[in-house]
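Trainee: next comes the sequence, and after it the predicted model I'd like to discuss.
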Amino acid sequence: MCQLLGMNCNTPTDVRFSFSGFTQRAGNTGDHTDGWGIAFFEDKGLRHFVDHERAIDSPVAKLIREYPIKSTNVIAHIRKATQGVVSLQNCHPFVRELWGRNWVFAHNGDLKNFSPKLHAHFQPIGNTDSEQAFCWIMQELWKSHAGLPSIEELTHTLRELAAKIAPHGTFNFLLSNGEALWAHATTHLCYIERRHPFCQAHLSDEDLSVDFSQETTPQDKVAIIVTAPLTNNETWTPIQSGELKVFANGQCLLL
């Protein structure tokens with residue numbers, strides 16, 4: 001199946017270190033070679049890059065690994081196709097507008113017999129179960145709330161919606177509207193919260209280290225969410241099956 005990477009922080013931060021290790025899984029240390037994508041929130045704006053080539057070979061992915069695009073919310077995905085052909089329109093993350101904000105979604109898993117009724121505003125462009133699930137979530141959020149709710153209200157609604165989709169199969173996903181980042185696990189998803197005092201981290205998928213104490217300030221807080229731990233010298237916390245976590249300002253909220 002696919003793999004997910006998310007970052008949420010309290011000050012704009014670049015994701016080059018994590019993305020570098022993550023893309024090794026798209027041909028070097030893993031076989032997630034059916035496309036990739038990444039989205040960076042900047043206020044209400046969004047930088048969105050997708051490519052149906054392997055992330056390890058893609059010139060666009062090389063740009064992301066080398067160019068420090070700073071953001072407070074990032075979602076990335078490397079694809080191993082289970083439903084839908086290998087094509088640009090089937091590359092995650094997917095983007096939709098709701099309540100005047102961009103919403104970004106990426107999914108790892110395989111949903112069976114999930115064919116919800118969708119109204120005209122939210123329709124898939126490709127032919128993946130993932131995009132169909134995203135459109136249904138957007139539709140149900142729109143039906144449940146008259147305007148943009150609080151993070152707490154959104155978390156409550158998303159828990160209910162995720163519980164309705166999860167019985168159809170594996171439903172690991174990341175979702176963000178630029179204010180917060182939600183992570184739901186069925187199988188494999190974990191996270192780490194980095195804050196002062198920052199330490200050195202070493203990637204699991206390539207021989208690369210960074211001393212975060214030299215790259216940050218004492219006020220910085222950064223949460224990284226990923227399918228499998230990116231580093232081999234830090235402690236990652238697993239998200240339990242059926243659990244929905246929400247991250248804001250670089251930390252996991254207890255809602």
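Mentor: Received the coordinates, thanks. Residues are numbered from 1 along each chain as shown.
Trainee: immediately after the helix or strand hosting Leu63, which helix or strand?
Mentor: If you go by DSSP states H and E, Leu63 is part of helix 59-66. Going down the chain from helix 59-66, the next helix or strand is strand 70-78, by DSSP H and E.
Trainee: quick one: buried residues of the next helix or strand after that following strand?
Mentor: Downstream of strand 70-78, the first helix or strand assigned by DSSP H and E is strand 94-98. Of all the residues in strand 94-98, those buried under the rule 16 or more other CB atoms under 10 Å are Phe94, Val95, Arg96, Leu98. (Glycine included, C-beta is placed from N, CA and C.)
Trainee: what are the buried residues along the longest strand seen in the chain?
Mentor: As assigned by DSSP state E, the longest strand anywhere in the chain is strand 3-14. The neighbour-count check on strand 3-14 (16+ other CB under 10 Å) flags Gln3, Leu4, Leu5, Gly6, Met7, Asn8, Cys9, Asn10, Thr13, Asp14 as buried.
Trainee: what's the answer for stretch 110-127, then?
Mentor: By neighbour count on 16+ other CB under 10 Å, the buried set for stretch 110-127 is Asp110, Leu111, Phe114, Phe122, Pro124, Gly126.
Trainee: between the two ends of it, what distance do you get?
Mentor: 13 Å (CA to CA, to the nearest Å).
Trainee: which residues in the stretch 51-200 of the chain form helices?
Mentor: 59-66, 129-144, 151-165 (DSSP state H, counting those that start in this stretch).
Trainee: using CSV, please lay out these together with mean neighbour count and mean pLDDT.
Mentor: Formatted as CSV, the helices of the stretch 51-200 of the chain follow (neighbours: other CB atoms under 10 Å; pLDDT from 0 to 100):
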stretch, mean neighbour count, mean pLDDT
helix 59-66, 15, 93
helix 129-144, 21, 96
helix 151-165, 16, 98
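Trainee: could I get those as JSON lines with distance to Thr82?
Mentor: As requested, the helices of the stretch 51-200 of the chain are exported to JSON lines (distance: least, CB to CB, whole Å):
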{"stretch": "helix 59-66", "distance to Thr82": "22"}
{"stretch": "helix 129-144", "distance to Thr82": "8"}
{"stretch": "helix 151-165", "distance to Thr82": "15"}
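Trainee: compare those and give me the one nearest Phe105.
Mentor: helix 129-144 (4.1 Å; CB to CB).
Trainee: list of residues touching that closest one?
Mentor: Defining contact as CB atoms under 8 Å, 6 or more residues apart in numbering, one finds that helix 129-144 is touched by 82-84, 90, 92, 94, 96, 98, 103, 105-107, 109-111, 114-116, 118-119, 121-125, 154, 157-158, 161, 165, 169, 171, 173, 175.
Trainee: count of neighbours near Trp36?
Mentor: Using other CB atoms under 10 Å, Trp36 is surrounded by 33 other residues.
Trainee: can you give me the distance of it to Ile75?
Mentor: 12 Å (CB to CB, to the nearest Å).
Trainee: widest-spaced pair of the buried residues of strand 3-14?
Mentor: Gln3 and Asn10 (25.3 Å).
Trainee: for the stretch 1-150 of the chain, which spans come out with low pLDDT?
Mentor: For the stretch 1-150 of the chain, applying pLDDT under 70 flags the ranges 81, 84.
Trainee: excluding chain neighbours, what is closest to Gln83?
Mentor: Once flanking residues are discounted, Gln83 sits nearest to Asp129: 4.7 Å by CB to CB, 6 or more residues apart in numbering.
Trainee: the one you found and His168, how far apart?
Mentor: 8 Å.
Trainee: got any residues that touch both of the two?
Mentor: With CB under 8 Å, 6+ apart, Asp129 and His168 have common neighbours Leu111, Phe114.
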